[in-house]
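Visitor: Model the following, please.
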Amino acid sequence: MEELKTYALTCEKCLPSAFAQSFEKHKSCRTIPGEVLESPMIFELHTGRHSNQLVRRTDLEDSFIS
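Guide: Below you'll find the predicted structure:
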């Protein structure tokens, strides 16, 4: 099983708009049978951390979705 990750980098000021745009792009993605496409998520970027060590910011996600 392989995982394709896509990332977008944005500043704090542009984050609400960028997060909203990511949902619009997400809606237009096609999948093949059995393929799963997770919803956009927000993570903090820290120098020297591997992708599996990033901290997910569900608090920010919730504040932009509500």
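Visitor: CA only for contacts and neighbour counts going forward, please
Guide: Fine.
Visitor: per-residue pLDDT, L9?
Guide: pLDDT, L9: 90.
Visitor: What is the burial count for it?
Guide: Number of residues near L9 (other CA atoms under 10 Å) recorded here: 12.
Visitor: how close does it sit to G34?
Guide: Using CA to CA, to the nearest Å, one obtains 29 Å as the distance from L9 to G34.
Visitor: residues in contact with the lengthiest helix in the chain?
Guide: Longest helix of the chain, by residue count under DSSP state H: helix 15-28. For helix 15-28, the surrounding residues in contact (CA atoms under 8 Å, 6 or more residues apart in numbering) are 10, 39-40, 42, 64.
Visitor: let's see 10 Å
Guide: Residues from elsewhere that reach helix 15-28 (CA atoms under 10 Å, 6 or more residues apart in numbering): 7-12, 37-42, 60-61, 63-65.
Visitor: Which of those residues fall in helices?
Guide: Counting by DSSP H, the contacts of helix 15-28 place 60-61, 63-65 in helices.
Visitor: quick one, what contacts the residue of the chain most remote from its centre?
Guide: In the chain, P33 marks the outermost C-alpha relative to the chain mean, sitting 22.2 Å out by CA atoms, centre = their mean. Shown in contact with P33 (CA under 10 Å, 6+ apart): no residues.
Visitor: Checking it next. Helix, strand or coil?
Guide: Secondary structure state of P33, per DSSP: H, G, I helix; E, B strand; the rest coil, is coil.
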